[in-house]
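Peer 1: Okay, structure incoming, though there's no sequence with it:
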């Protein structure tokens, strides 16, 4: 089965759903970060997952901060 590309609003919903399923009760990606993720993945779920994983790995030393696009924009 092949997943189709997600529109921007569905990308946000998808990211927040995955965060919730991971056991977190709050949004950890800012709207700016989600916009950046959408622009750089074109809504492809596999790429969304990869970029979110990468951004979380970059964030791991600061677990309480909310993720913003400027933290990983130069690294994509």
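Peer 2: That came in fine, so what should we check first? In this text, all values refer to a predicted model and were calculated from it rather than measured experimentally.
Peer 1: Show me the shaky parts of this structure.
Peer 2: 1, 60-76 (pLDDT under 70).
Peer 1: Go ahead and flag the most central residue of it.
Peer 2: With distances taken as Cα atoms, centre = their mean, residue 52 lies nearest the centre of the chain, 3.9 Å away.
Peer 1: Next up, the contacts around the spatially closest residue to that residue that is not a sequence neighbour.
Peer 2: Closest residue to residue 52 apart from its sequence neighbours, by Cβ to Cβ, 6 or more residues apart in numbering: residue 15 at 6.2 Å. (C-beta placed from N, C-alpha, C; glycine too.) Going by Cβ atoms under 8 Å, 6 or more residues apart in numbering, residue 15 touches 29, 34, 37, 48, 52.
Peer 1: which of these are buried?
Peer 2: Among the contacts of residue 15, those buried by neighbour count (16 or more other Cβ atoms under 10 Å) are 29, 34, 37, 48, 52.
Peer 1: now for those, which pair is the farthest apart?
Peer 2: In those, two members sit farther apart than any others by Cβ to Cβ. They are 29 and 48, at 10.6 Å.
Peer 1: where do the contact lists of these two overlap?
Peer 2: Common contacts of residue 29 and residue 48 (Cβ under 8 Å, 6+ apart): 15, 37.
Peer 1: ok so, going back, just give me how far the strand or helix carrying the residue nearest to the centre of the chain sits from the chain centre.
Peer 2: Per DSSP states H and E, residue 52 falls inside helix 45-59. Chain-centre distance of helix 45-59: 6 Å, with Cα atoms, centre = their mean, to the nearest Å.
Peer 1: Show me what counts as buried in that helix.
Peer 2: Buried residues in helix 45-59, counted by 16+ other Cβ under 10 Å: 45, 48, 51-52, 55-56, 59.
Peer 1: and if you look at stretch 9-29?
Peer 2: Quick answer for stretch 9-29 (16+ other Cβ under 10 Å): 11-12, 14-16, 19, 27-29.
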